[in-house]
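Chemist: I'd like to go over a predicted model; first the sequence, then the structure.
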Amino acid sequence: MKFTSGNCYGIIGANGAGKSTFLKAISGEIDSTAGHISLGPGERLSVLSQDHFAFDEDTALNTVLKGYARLWEVMQEKDALYAKADFSNEDGIRSSELEEEFADMDGWNAESNSATLLSNLGIKVALHHTLLKDLSGKQKVRVLLAQALFGKPDNLLLDEPTNDLDLDTVRWLENYLANYENTVLVVSHDRHFLDAISTHTVDIDFGKIQMFAGNYSYWYQSSQLALRQQQMQNKKAEEKKKELLEFIARFSANVAKSKQTTSRKKMIEKLNIADIKPSTRKYPGIIFTPERKVGDRILDVSGLSASVDGTMLFKDVEFQANKGDKIIFLSRDPRAMTAFFEIINRNQKADAGSYQWGQTITSAYLPLDNSEFFNNDLSLFDWLCQFSTDTMEAYIRGYLGKMLFSGDDIYKRVSVLSGGEKMRCMISRLMLANANALILDTPTNHLDLESIQAFNNSLLKYPENIFMSSHDHEVIQSVCNRIIELTPNGMIDKLMDYDDYIEDEAIMVLQEKMYRGGD
């Protein structure tokens, strides 16, 4: 398998399939048991560090500079030579050689380039000379990402680079990588991010690694089409081929209409029918079935305000939810959405204001922090029985089976489940509620791509009201028809697509005013 310059390879596979192991083998962090890995002559490889404590004694700026190891070595040797009291002729010759190498690596712009990367990734200038040990975990992640990007390495390996990034920073990273001129390999659970940057998809499944031209959406849609064709034995080969070619043409036309990036232009040039194979993936069966339709009154919110430790999260939130509203709640402070959801679920008191659910509404809540649900030693089966009126084994097994828990899995203790497994349990609980209003606080956390895709598909089919927050651009854009942004100085409420919202200049001006609190 060969990865070539100018392409971005999105690496996909179920949790535990070996995506991170694959990147570690390429980077040399672990040894491969067979085969070999080689870089082009003189090529530099950069990896997004997963060790958040390795640079604790370095400033943010120096941590980024250390991402280009040879440049950092030259800088240190240069500084040591110029600091010598007895600077010799040999030192002069050596310093001249170093200066030439330093200039070849664009060393004179290194500090300003590092500072620009940090600022673009949301690290304010005031923090550039702060030691990493004094930064928050989320800030460290951004510094380490800047370190990986610094100096435009020939080969860039990124494992979950959008973790802990807000939506604005993810957009910046999308644009940066979509126009990157070297080779990028990236593991991500963010489908919009993968679609924006990938020219190819590398699928790790059943111990096999296969490469396809096209981004994640192309891989998913084409593999599902091929699977349907495989199940239709009567269809002639020519008809199947025609259907696949028409699919490629439609997909390419849609991509061409979207905002073109370098990566997307490259991608549609390489799509071909030979790459399309049926999917072998297992997707959870997520189906939300409201027991009754909502009435005319859904949720009325009046003058709601909340703060934490003296910091105002949101103020004077006032709106009426209407039939069919699928509302995404946004804020620059993610605590605002969680506080709002906790309040309307009667788990927390507001500083001011009130809310009223309609009489026909039965709501179901998926909280951000689900740890309290798993502070017990129950089996999976007994855990789910708590939330069901029907506790027959076949019925409960059916729900757990939909979430890909089968056989003896149902006897596992919930206390030892992974984050993704716990989230699948919480989704089972949500399905059992048969609610007509879903309240979802960052629902795709800990889920793999298959679960996210299934969850997204189920929300698209859900006929009643949704109130949610999310870091997943694709979920927001495809599901939500209304946007409410919570700020310390009021709210923004718009009936529009998310993509239009984030590009609207008038809204950008309004956001600055609302967060700044000026006139």
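Modeler: Yep, that arrived.
Chemist: what's the burial count for the nearest residue to K84 once chain neighbours are set aside?
Modeler: Spatially, and ignoring its direct neighbours in sequence, K84 is nearest to D91 (6.3 Å; Cβ to Cβ, 6 or more residues apart in numbering). (Each C-beta comes from the backbone N, C-alpha and C, glycine too.) D91: 14 surrounding residues under other Cβ atoms under 10 Å.
Chemist: the host helix or strand of D91 - contacts with which helices or strands?
Modeler: Using DSSP states H and E, D91 maps to helix 89-104. When contacts are defined as 3 or more Cβ pairs under 8 Å, 6 or more residues apart in numbering; DSSP states H and E, helix 89-104 packs onto helix 69-82.
Chemist: can you give me the buried ones in the helix it packs on?
Modeler: Buried residues in helix 69-82, counting neighbours by 16 or more other Cβ atoms under 10 Å, are found at L71, W72, V74, M75, E77, K78, L81.
Chemist: what do you get for stretch 296-308?
Modeler: Buried-residue list, stretch 296-308, by 16+ other Cβ under 10 Å: R297, I298, L299, V301, L304, S305, A306, S307.
Chemist: will you turn those residues into a markdown table that also has distance to L330 and secondary structure?
Modeler: As requested, those are exported to a markdown table (distance: Cβ to Cβ, whole Å; DSSP: H, G, I helix; E, B strand; the rest coil):
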| residue | distance to L330 | secondary structure |
| --- | --- | --- |
| R297 | 25 | coil |
| I298 | 20 | coil |
| L299 | 18 | strand |
| V301 | 16 | strand |
| L304 | 16 | strand |
| S305 | 17 | strand |
| A306 | 15 | strand |
| S307 | 18 | strand |
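Chemist: give the buried residues for the helix holding D91.
Modeler: S95, L98, E101, F102.
Chemist: OK, contacts around the nearest residue to the last one once chain neighbours are set aside?
Modeler: The reference is to F102. Distances taken as Cβ to Cβ, 6+ apart put V74 closest to F102, at 5.1 Å, once the chain neighbours are dropped. By Cβ atoms under 8 Å, 6 or more residues apart in numbering, the contact list for V74 reads L98, E101, F102, M105, G107.
Chemist: what does stretch 230-238 contact?
Modeler: The contact list for stretch 230-238, computed with Cβ under 8 Å, 6+ apart, reads Q229, P278.
Chemist: end-to-end on it?
Modeler: 14 Å (Cα to Cα, to the nearest Å).
Chemist: can I get the helix holding D91 in CSV, CA atoms only?
Modeler: What follows is helix 89-104, C-alpha atoms only, in CSV (Å, rounded to 0.1, in the frame of the first residue of the first chain):
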residue,chain,number,x,y,z
ASN,A,89,37.4,29.9,14.0
GLU,A,90,36.0,26.3,14.1
ASP,A,91,32.9,27.7,15.9
GLY,A,92,32.6,30.3,13.2
ILE,A,93,32.7,27.7,10.4
ARG,A,94,30.2,25.6,12.3
SER,A,95,27.8,28.5,13.0
SER,A,96,27.9,29.4,9.3
GLU,A,97,26.9,25.9,8.3
LEU,A,98,24.1,26.0,10.9
GLU,A,99,22.8,29.3,9.7
GLU,A,100,22.6,28.0,6.2
GLU,A,101,20.6,24.9,7.3
PHE,A,102,18.5,27.1,9.6
ALA,A,103,17.5,29.4,6.6
ASP,A,104,16.7,26.3,4.4
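Chemist: next, the angle helix 69-82 makes with it.
Modeler: Per axes from the mean of the first three to the mean of the last three Cα atoms, to 10 degrees, the angle that helix 89-104 makes with helix 69-82 is 150 degrees.
Chemist: hang on, the earlier thing: reformat the contacts of V74 as TSV; add pLDDT and distance to R397.
Modeler: Shown next, in TSV, are those (pLDDT from 0 to 100; distance: Cβ to Cβ, whole Å):
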residue	pLDDT	distance to R397
L98	94	69
E101	94	66
F102	93	66
M105	94	61
G107	94	63
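Chemist: which two of those residues have the greatest separation?
Modeler: Distances among these were taken as Cβ to Cβ; the most separated pair is L98 and M105, at 10.6 Å.
Chemist: could you chop this structure up by domain?
Modeler: 8-212, 213-275, 299-375+434-516 (automatic domain parsing).
Chemist: neighbours around the nearest residue to G419 once chain neighbours are set aside, how many?
Modeler: Among residues not flanking G419 along the chain, H446 sits closest, at 3.6 Å (Cβ to Cβ, 6+ apart). Neighbour count for H446, taken as other Cβ under 10 Å: 18.
Chemist: can you read off the pLDDT for H446?
Modeler: In this model, H446 is scored at 88, pLDDT.
Chemist: so which strand or helix has it?
Modeler: Short version, using DSSP H and E: H446 is in no helix or strand.
Chemist: contact partners for it?
Modeler: Going by Cβ under 8 Å, 6+ apart, H446 touches S418, G419, G420, K422, M423.
Chemist: just to revisit the earlier point, and the buried residues of stretch 296-308 as CSV, adding pLDDT and distance to I209?
Modeler: Listed next are these as CSV, based on pLDDT from 0 to 100; distance: Cβ to Cβ, whole Å:
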residue, pLDDT, distance to I209
R297, 96, 54
I298, 97, 48
L299, 98, 48
V301, 98, 50
L304, 97, 51
S305, 97, 52
A306, 97, 48
S307, 96, 50
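Chemist: reformat the residues you listed as CSV; add distance to Y501.
Modeler: Formatted as CSV, the buried residues of stretch 296-308 follow (distance: Cβ to Cβ, whole Å):
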residue, distance to Y501
R297, 27
I298, 22
L299, 21
V301, 20
L304, 22
S305, 23
A306, 23
S307, 26
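Chemist: show me which of these is closest to A454.
Modeler: I298 (26.1 Å).
Chemist: separation between the residue nearest to the closest one when sequence neighbours are not counted and E485?
Modeler: Using Cβ to Cβ, 6+ apart and skipping residues adjacent in sequence, the residue nearest I298 is A321, 4.0 Å away. Remark: distance between A321 and E485 (Cβ to Cβ, to the nearest Å) = 16 Å.
Chemist: could you do L173 as well?
Modeler: Going from L173 to E485 by Cβ to Cβ gives 22 Å.
Chemist: what do you get for L132?
Modeler: Counting by Cβ to Cβ - L132 and E485 are separated by 32 Å.
Chemist: out of the two, which sits in the busier spot?
Modeler: E485 (23 against 20).
Chemist: check which helices and strands whichever helix or strand that one is part of sits against.
Modeler: Following DSSP H and E, the helix or strand that holds E485 is strand 482-487. Judged by 3+ Cβ pairs under 8 Å, 6+ apart, the packing partners of strand 482-487 are strand 311-321, strand 326-330, helix 335-344, strand 490-494, helix 505-516.
Chemist: that strand pairs with which strands?
Modeler: Strand pairing for strand 482-487, determined by DSSP bridges: strand 326-330 (parallel), strand 490-494 (antiparallel).
Chemist: mind jotting down where the helices sit in the stretch 401-519 of the chain?
Modeler: Using DSSP state H, counting those that start in this stretch, the helices assigned to the stretch 401-519 of the chain run over residues 419-432, 449-461, 473-479, 498-503, 505-516.
Chemist: could you save the strands paired with strand 482-487 as JSON lines and add columns showing mean pLDDT and distance to F53?
Modeler: Conversion of those to JSON lines gives the following (pLDDT from 0 to 100; distance: least, Cβ to Cβ, whole Å):
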{"stretch": "strand 326-330", "mean pLDDT": "98", "distance to F53": "32"}
{"stretch": "strand 490-494", "mean pLDDT": "97", "distance to F53": "39"}
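Chemist: dump the ones you listed into TSV; add distance to T362 and mean neighbour count as well.
Modeler: Putting these into TSV (distance: least, Cβ to Cβ, whole Å; neighbours: other Cβ atoms under 10 Å) gives the following:
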stretch	distance to T362	mean neighbour count
strand 326-330	17	22
strand 490-494	25	17
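Chemist: compare the domains of the chain and give me the one nearest E393.
Modeler: Of all the domains of the chain, domain 299-375+434-516 sits nearest to E393, with 20.4 Å by Cβ to Cβ.
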